[in-house]
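S.K.: fold the following, please.
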Amino acid sequence: MHHSPSTQLGLAVTMASLLVASACGYSPATGQESPPPNRQAAEPDATSSVKITEPMPSPSEKPEAIATGLEHFRKQEWTLAVEHFTIAIQQSPEHPSGYWFRAQSQKRLGNMTEARDDYGAVVRLVDAPKEVPALRARGSAFIELGRYDDAVTDLRAALSLSSHDEESLMLLGQVCELNKDLESAVQLYTRLIEGAPKSADAWLRRGNALVQLGKYRKGMSDQKRAARLGGIAKGEFLYRDPESGTSFRFVFVPPASYWVGYDQKQQIAVAAQARQLLFGHNATPIQEVQLREGFFILDREITIAQFEAISGISSTRSTSLTGRGDPDVRLGVPPAKKPALNETVEMDDDSILPRTNVSWIDAMKFCVAMQAQLDLIVRLPTEVEWECAARCERNWLYPWGREAGEDFPAWSDRAKEGPRSLNASDNRDVTPSGIHDLGGNVSEWCLDEYQSSLFDESSARHLYTPATFSLGSSARNQLRKPRRNGVPVDVFQEFEVSRRSFRGGSFKDNAFNCQVPVRRAMLASESSPAIGFRPVLLMRFPK
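M.R.: Numbers count the residues shown, from 1 in each chain. The predicted model follows:
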């Protein structure tokens, strides 16, 4: 059977989405997640929340290069995926499927210029689509190109053919959000929920839109409904403190295959380049992590304003709550050189600087307070979670790529007075998924007590599920304060002498210490002007 290019694109996108969603344990029929399998991966879609559920085409309609590329995509081997999708394009330059999937892979690598070029090819090749999948696919490409009016036209055409098409409704809602038309976005997500009441992504997106509209109670109710349903594919979690209006944006780290540690070639090369011994940092040998359940991580380090909004502790400079920091360290001193990439550094407002000089105990107490507000699990990330969020591919040593690069953004070549402000979104210390400053600026506390190895047992592959933080052998959630004889007890007191891990480089570090696999530690009761933190959020309820 012969299909037009637009039909082939729609079928290919549909097939790939089902393939990967099935590998992730997602059931399109119920909108819920099945028990985690051995391998899980992110969906290759154009947006952060789209699951395509049309019938899968027959294997004969799937070119070999596309099939191989999708297998690499599923394993998050983006560079190899690009290579195979390029082969598919060379074999069939007039068919849009190869461009579509190569654009998706380039996007995961942060190569947005190349991705936009491929999305442009999709728009050029898909002429006058008449089927829902093709209309939806071209509409997605228009969104990526910033052509929102054209996207609306295609998505409305898709809905005219299938009025309850979940993906088209989701995409149209996203366009409304991008256009700041949040009321219309809420209406579209409401329509989607009416047709798919078990879609956690729809509940979460509507909740986020309501929060942005200032309807905090309704928005948080929707977000909790998403947590109860489970099976979130991608997206973000937005929170705004009702009293101060301070915003928090958490980015989803999806269940997939990730890598931690150095392989042997990297160890040799890095040790020679840095002229220091890797074993001094207990570098973990390269290991694969199968993340069985996704989690959210804050997109930036906690700022002074965010810290004050949640903890209620006012501070114009980063002094430690435990009294062990350096109160004389002045943050926000202008850099000696002009900031790279048009980065703006606001000096009038210390509130947008990262909150440093906080001990591990301070950071955990912040998580206690934030968890009480959200009624969802909030804690520091484990080392494994932090590295999963920071590393795009096995051979990447930095959040932005394999090498530090000429415009190394971790302030290694700048004045050493302090970190930069966090209002700048155009610095290169950012992952392709939009998580900032994991490589530099300030280092970040992790949950773990420091050990010589990330894992208790040696294995090439580890199944990993994010867990709550419990107090020793007690079943009580660590982030709920116990009482003894009716008197509240500081559950963190016993951790003062434990050594806790911190990850990422800082304005004080060289390029080596800003590499993702580097591991360091300090006493939980101590603090530093070069260490801050960012929490993770689990879509679970405190027990």
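S.K.: which parts of the stretch 401-543 of the chain are strands?
M.R.: Assigned by DSSP state E, counting those that start in this stretch, the strands in the stretch 401-543 of the chain fall at 443-449, 461-464, 483-484, 487-488, 499-503, 520-523, 531-532, 536-538.
S.K.: and among these, the most buried is which?
M.R.: Compared across these, strand 531-532 shows the largest average neighbour count, a mean of 29 (mean count of other CB atoms under 10 Å). Every residue, glycine included, has its C-beta placed from N, CA and C.
S.K.: so how many other residues sit close to Glu183?
M.R.: If you count neighbours by other CB atoms under 10 Å, Glu183 ends up with 9.
S.K.: on that earlier part again, adding distance to Asp299 and mean pLDDT, write the strands of the stretch 401-543 of the chain out as a markdown table.
M.R.: Shown next, in a markdown table, are the strands of the stretch 401-543 of the chain (distance: least, CB to CB, whole Å; pLDDT from 0 to 100):
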| stretch | distance to Asp299 | mean pLDDT |
| --- | --- | --- |
| strand 443-449 | 13 | 95 |
| strand 461-464 | 22 | 90 |
| strand 483-484 | 35 | 56 |
| strand 487-488 | 33 | 60 |
| strand 499-503 | 16 | 94 |
| strand 520-523 | 23 | 94 |
| strand 531-532 | 14 | 96 |
| strand 536-538 | 12 | 97 |
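S.K.: figure out which of those strands is closest to Thr68.
M.R.: strand 461-464 (21.5 Å; CB to CB).
S.K.: give me the helices and strands touching that closest one, please.
M.R.: With contacts defined as 3 or more CB pairs under 8 Å, 6 or more residues apart in numbering; DSSP states H and E, strand 461-464 has these neighbours: strand 287-291.
S.K.: direction included, what does the strand it packs on pair against?
M.R.: Applying DSSP bridges, strand 287-291 is found paired with strand 257-260 (antiparallel), strand 461-464 (parallel).
S.K.: shaky segments in the chain?
M.R.: By pLDDT under 70, the low-scoring segments of the chain are 1-62, 267-283, 314-349, 406-417, 422-427, 470-490.
S.K.: how is it divided into domains?
M.R.: Per the record, the chain has its domains at 5-234, 249-254+291-538, by automatic domain parsing.
S.K.: using TSV, please lay out those together with distance to Tyr262.
M.R.: Formatted as TSV, those follow (distance: least, CB to CB, whole Å):
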stretch	distance to Tyr262
domain 5-234	18
domain 249-254+291-538	5
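S.K.: what's the burial count for Val368?
M.R.: Neighbour count of Val368, defined by other CB under 10 Å: 18.
S.K.: can you confirm it is in a helix?
M.R.: Yes: using DSSP: H, G, I helix; E, B strand; the rest coil, the secondary structure at Val368 is a helix.
S.K.: returning to what we had before: between the strands of the stretch 401-543 of the chain, which gets nearest to Ile87?
M.R.: Ranking the strands of the stretch 401-543 of the chain by their distance to Ile87 (criterion: CB to CB) puts strand 461-464 first, at 28.3 Å.
S.K.: list of residues touching that closest one?
M.R.: Identification of contacts with strand 461-464 by CB atoms under 8 Å, 6 or more residues apart in numbering yields Pro36, Asn38, Gln287, Glu288, Val289, Gln290, Leu291, Arg292, Val384, Phe455.
S.K.: do the same with stretch 76-91
M.R.: Against stretch 76-91 from outside (CB under 8 Å, 6+ apart): 41-42, 63, 65-66, 68-70, 72-73, 95, 97-99, 101-102, 105-106, 108-109, 256-258, 392-395.
S.K.: can you tell me the helix or strand for Met174?
M.R.: One thing to correct before we go on: residue 174 is Gln, not Met. Assigned by DSSP states H and E, Gln174 belongs to helix 166-178.
S.K.: what would that helix look like as PDB? C-alpha coordinates only.
M.R.: Taking Å, rounded to 0.1, in the frame of the first residue of the first chain, the C-alpha atoms of helix 166-178 are listed here in PDB:
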ATOM      1  CA  GLU A 166      -6.300  14.100  23.000                       C
ATOM      2  CA  GLU A 167      -2.900  15.100  21.500                       C
ATOM      3  CA  SER A 168      -4.400  17.900  19.400                       C
ATOM      4  CA  LEU A 169      -6.200  19.300  22.500                       C
ATOM      5  CA  MET A 170      -3.000  19.100  24.500                       C
ATOM      6  CA  LEU A 171      -1.000  20.800  21.800                       C
ATOM      7  CA  LEU A 172      -3.600  23.500  21.300                       C
ATOM      8  CA  GLY A 173      -3.600  24.100  25.100                       C
ATOM      9  CA  GLN A 174       0.200  24.500  24.900                       C
ATOM     10  CA  VAL A 175      -0.100  27.100  22.200                       C
ATOM     11  CA  CYS A 176      -2.500  29.100  24.400                       C
ATOM     12  CA  GLU A 177       0.100  28.900  27.200                       C
ATOM     13  CA  LEU A 178       2.800  30.100  24.900                       C
END
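S.K.: buried ones in the very next helix or strand once past that helix?
M.R.: Helices and strands here follow DSSP H and E; after helix 166-178, the next one along the chain is helix 182-195. Within helix 182-195, the residues that qualify as buried are Leu182, Ser184, Ala185, Val186, Leu188, Tyr189, Arg191, Leu192, Ile193, counting by 16 or more other CB atoms under 10 Å.
S.K.: could you export those residues as TSV, including distance to Gly434?
M.R.: As requested, the buried residues of helix 182-195 are exported to TSV (distance: CB to CB, whole Å):
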residue	distance to Gly434
Leu182	20
Ser184	24
Ala185	19
Val186	23
Leu188	23
Tyr189	21
Arg191	27
Leu192	24
Ile193	26
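S.K.: which one of the residues you listed is nearest to Val132?
M.R.: Leu192 (15.2 Å).
S.K.: pull up the gap between the closest one and Arg520, please.
M.R.: From Leu192 across to Arg520, the span is 45 Å (CB to CB, to the nearest Å).
S.K.: right, so of the domains of the chain, which gets closest to Lys265?
M.R.: domain 249-254+291-538 (9.2 Å).
S.K.: give me the distance from stretch 77-92 to the chain's centre.
M.R.: 25 Å (CA atoms, centre = their mean, to the nearest Å).
S.K.: inside helices: which ones of the contacts of stretch 76-91?
M.R.: Mapping those onto helices (DSSP state H) picks out 65-66, 68-70, 72-73, 97-99, 101-102, 105-106, 108.
S.K.: name the helices or strands packed onto the helix or strand containing Asp150?
M.R.: In the assignment (DSSP H and E), Asp150 maps to helix 148-161. Judged by 3+ CB pairs under 8 Å, 6+ apart, helix 148-161 is in contact with helix 132-144, helix 166-178.
S.K.: redo those helices as a markdown table? Include mean neighbour count and distance to Ile435.
M.R.: A markdown table is the format used below for the helices and strands packed on helix 148-161 (neighbours: other CB atoms under 10 Å; distance: least, CB to CB, whole Å):
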| stretch | mean neighbour count | distance to Ile435 |
| --- | --- | --- |
| helix 132-144 | 27 | 20 |
| helix 166-178 | 24 | 20 |
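S.K.: columns distance to Phe507 on top of those helices, output as TSV?
M.R.: Output for the helices and strands packed on helix 148-161, formatted as TSV (distance: least, CB to CB, whole Å):
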stretch	distance to Phe507
helix 132-144	34
helix 166-178	34
